[in-house]
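>>> Okay, predicted coordinates and the sequence, questions at the end:
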Amino acid sequence: MTVFRTENLSIGYKDKILFGDLNFEIKTGILTSLLGSNGIGKSTLLKTISGLLDKKSGAVFIDDKNIDAFSIAEFAKLVSVVLTHENVNKDLTVYELVKLGRQPYTNWLDKLTEADENLINATLEDCEIISLKDRKLSQLSDGQLQRTFIARAVVQDTPFIFLDEPSTHLDLYHKVKLFKLLKKLCVVNNKCILFSTHDLDLALQLSDEIMLLKDEKFYHNITKNLINEGVFDRFFDTDDIVFDRERKQFVVL
């Protein structure tokens, strides 16, 4: 089991601190969803622990080694990231984009080994996009494109995968397929996946653990524990939406 943890981490931008003294631990084999309202700091947290944004204070560790001590190449073998808006050449094919996930491991000629090829093809199968491998990114639906980005992250073969709003713009069917894929990657491939989402019901039903940013407070626990503690009973500041603990769903009155 590989462990990713923070120690008194403060996150923010410019001169503003959004959340301070964050102490949490996530492990391989566990699917964790990050919840909170728009603009509260979910993306900032993901980018900070991914090394894309500077910390305000505190430290981040992987198996007790400070991530600041890793080289870029070393860190790329431990953490892969899928952001909401990625600038990518849409003339690339699905296979070409997914292949980029092997860059931390290939030699200076960028030559793939047979093992690399096998991993790529197995991942395309797992993500159900093998039939699209020769299709250009410009020809994909939102759901297909999202699966392609996730496949690239999986091919990067890191224990930790961080995803920012992966279910945005997907219909319910493809959201469910995506969440179940993430769950499978944790269980079968022993990944640790942390992803932000606004799909509360699906997150509560399928995630092993929940992180919640709300009212300047940070919560992190097993999903069932947070539900039993009543954390979601007043998630929305209105009487029109109530939380059904038994069904793990929000209900409109």
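That came through fine.
>>> Relative to residue 71, how far out is residue 78?
11 Å (C-beta to C-beta, to the nearest Å). Heads up, the C-betas are built off the backbone N, CA and C, glycines and all.
>>> Between these two, point out the one with more neighbours.
Legend: neighbour count by other C-beta atoms under 10 Å for residue 78 and residue 71, higher for residue 78 (19 against 8).
>>> For the lengthiest helix in the chain, enumerate the helices and strands it packs against.
Ranked by number of residues, the top helix in the chain under DSSP state H is helix 172-189. Judged by 3 or more C-beta pairs under 8 Å, 6 or more residues apart in numbering; DSSP states H and E, helix 172-189 is in contact with strand 31-35, helix 114-126, helix 142-155, strand 192-196, helix 200-206.
>>> Pull out the buried positions in that helix.
174-179, 181-182, 185-186, 189 (16 or more other C-beta atoms under 10 Å).
>>> Throw those residues into CSV and include pLDDT and distance to residue 241, thanks.
Putting the buried residues of helix 172-189 into CSV (pLDDT from 0 to 100; distance: C-beta to C-beta, whole Å) gives the following:
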residue, pLDDT, distance to residue 241
174, 84, 24
175, 89, 19
176, 91, 21
177, 87, 26
178, 88, 24
179, 92, 21
181, 89, 28
182, 92, 26
185, 90, 31
186, 94, 29
189, 90, 36
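>>> Out of these, flag the one nearest to residue 14.
Distance to residue 14 across the buried residues of helix 172-189 (C-beta to C-beta) is lowest for residue 182, with 32.5 Å.
>>> Could you pull up the contacting residues of the closest one?
Applying C-beta atoms under 8 Å, 6 or more residues apart in numbering to residue 182 gives the contacts 31, 150, 163, 166, 193, 195, 206.
>>> Mind giving me the packing neighbours of the helix or strand containing the third one?
Think residue 163. Residue 163 belongs to strand 160-164 when assigned by DSSP states H and E. In this structure, strand 160-164 packs against helix 42-49, strand 79-82, helix 142-155, strand 192-196, with contacts taken as 3+ C-beta pairs under 8 Å, 6+ apart.
>>> Looking at these, spot the one closest to residue 116.
With C-beta to C-beta, the closest approach to residue 116 among the helices and strands packed on strand 160-164 belongs to helix 142-155: 8.3 Å.
>>> got the angle between the closest one and helix 114-126?
150 degrees (axes from the mean of the first three to the mean of the last three C-alpha atoms, to 10 degrees).
>>> Quick check: buried residues in helix 142-155?
Those would be 143-155, for helix 142-155 by 16+ other C-beta under 10 Å.
>>> what's the closest of those residues to residue 111?
residue 155 (15.5 Å).
>>> OK, contacts around the closest residue to the closest one other than its chain neighbours?
Among residues not flanking residue 155 along the chain, residue 101 sits closest, at 3.4 Å (C-beta to C-beta, 6 or more residues apart in numbering). Applying C-beta under 8 Å, 6+ apart, we find residue 101 in contact with 80, 120, 151-157.
>>> And residue 101, how far from residue 46?
Going from residue 101 to residue 46 by C-beta to C-beta gives 18 Å.
>>> same thing with residue 242?
29 Å.
>>> between the two, who's got more neighbours?
Neighbours were counted for residue 242 and for residue 46 using other C-beta under 10 Å; residue 46 has more, 24 against 17.
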